[in-house]
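> predicted model and sequence below, questions to follow.
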Amino acid sequence: MSTRDRLRIAMQKSGRLTEPAQDLLTRCGLSFRQSRDKLFCFGEGEPVDLLLVRDDDIPGLIAQGVCDLGIVGRNVLSEFQLTAPPEQAELSELRTLGFGRCRLSIAVPQELNYQGPETLQGLSIATSYPGLVGDWLQRRQIQAKVITLAGSVEIAPRLGTADAICDLVQSGGTLVANQLRETDILLESEAVLAGPKQLPADERGDMLELLLKRLDGVIQVRESRLLLLQTSRQHLEQVTRLLPGGPQPILLGIAGQPDQVLLQALCAGEVTWRELEDIKKAGAREMLVLPVEKMLA
Ligand SMILES: Nc1ncnc2c1ncn2[C@@H]1O[C@H](COP(=O)(O)OP(=O)(O)OP(=O)(O)O)[C@@H](O)[C@H]1O
Ligand SMILES: O=P(O)(O)OC[C@H]1O[C@H](OP(=O)(O)OP(=O)(O)O)[C@H](O)[C@@H]1O
Ligand SMILES: [Mg+2]
């Protein structure tokens, strides 16, 4: 049993997830003593420390109790859940974080006559995700040879070491550059906050809950806009009907103008020019769209 009283979060030391993960933690009010060259960053203010590691190591560190939380791609977490011993694989996705979006896909040489997954029967597939690929093949009762490679998977068909591949795709540029064609999506991925299924029942658990609440606020405001406008009571119903989603707007009276109101609405996403123009036509004036910095319900 661990005797730590400080929360420990693992994140990627250097790679695609590093900057957005750091940014997210900063927005949650966490700051760390700068030690980018080292593995461990001591948290200032809150009792939360950071461990900077290879992304592949993150699920294992949580499973072993070395860390309480980790910011990692769903692709890495899912692979761990499928390949780790059952007693270690008890991790869950506590939150989805909205960055590092990509997909794990099968791709084949452009000239291969691909008729669906059954085309892979008897072929070899190079991948860094043998667990996910094996599981996908098994569900379809397809016998194919899974060849595990740590990197540069896309080059395998050209080198003649595999017939097809399964790797991460975002723009598709790497596939095209290697004369490959995406055929099946195994997993839609993005960065997630991973943690144990059973949260710690001590001060770390309390800190963790606080952090999750802050994180929810940060995720919510990242997409939110505050819309302010002025309208007459006569036009209020029409204007309100056009407001893009969100909780009920707040109305404020304007001194000396009893028929006018100031309306404040929290919108769940972007407010487009087209939406603003429509709201204006319905009788609104002096419209302002503002980003939201913090939110605490
Ligand atoms: N092209 C991409 N676009 C968007 N997200 C991606 C892309 N490629 C990978 N990702 C996501 O970012 C994560 C980290 O990718 P990165 O390439 O930095 O990992 P890595 O090379 O395995 O790094 P490490 O040295 O930590 O093992 C991936 O696991 C995946 O979730
Ligand atoms: O569809 P695309 O936009 O081309 O992105 C996909 C590529 O991005 C990732 O590799 P990365 O560039 O991170 O290099 P790595 O394999 O060395 O990590 C992934 O492994 C693919 O090769
Ligand atoms: Mg890695």
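In hand now; what should we look at? Ligands and ions are numbered 1, 2, ... in the order given.
> next one: stretch 12-21 to chain centre, how far?
12 Å (Cα atoms, centre = their mean, to the nearest Å).
> can you give me the buried ones in that stretch?
12-13, 16-18, 20-21 (16 or more other Cβ atoms under 10 Å). C-beta: built from backbone N, CA, C; applies to glycine.
> repeat for stretch 205-213
207-208, 211-212.
> and for stretch 212-229?
212, 214-215, 217-219, 221, 224-229.
> got it, and stretch 121-133?
124-133.
> ok, and of these, which contact ligand 1?
By Cβ under 6 Å from any ligand atom, no member of these lies near ligand 1.
> which among these gets closest to residue 202?
Nearest to residue 202 out of the buried residues of stretch 121-133 is residue 131 (Cβ to Cβ; 32.5 Å).
> so who does the closest residue to that closest one other than its chain neighbours touch?
Excluding the flanking residues, the one nearest residue 131 by Cβ to Cβ, 6 or more residues apart in numbering is residue 82, at 3.5 Å. Residue 82 makes contact with 89, 131-132, 134-135, according to Cβ atoms under 8 Å, 6 or more residues apart in numbering.
> separation between residue 82 and ligand 1?
15 Å (Cβ to the nearest ligand atom, to the nearest Å).
> give me the three-state assignment for that residue.
The assignment at residue 82 comes out as helix when based on DSSP: H, G, I helix; E, B strand; the rest coil.
> OK, now which residue of the stretch 51-200 of the chain is nearest to ligand 1?
Nearest residue of the stretch 51-200 of the chain to ligand 1, counting by Cβ to the nearest ligand atom: residue 73, 2.1 Å away.
> isn't that residue right up against residue 17?
Yes: counting by Cβ atoms under 8 Å, residue 17 is a contact partner of residue 73 at 6.8 Å.
> any common contacting residues for these two?
Common neighbours of residue 73 and residue 17 (Cβ under 8 Å, 6+ apart) are 55, 100, 191.
> dump the residue contacts of residue 90.
63, 196-198.
> just residue 27 next, same as before
residue 218.
> need phi/psi at it.
With angles defined as degrees, to the nearest 10, residue 27 shows backbone torsions of phi -60, psi -20.
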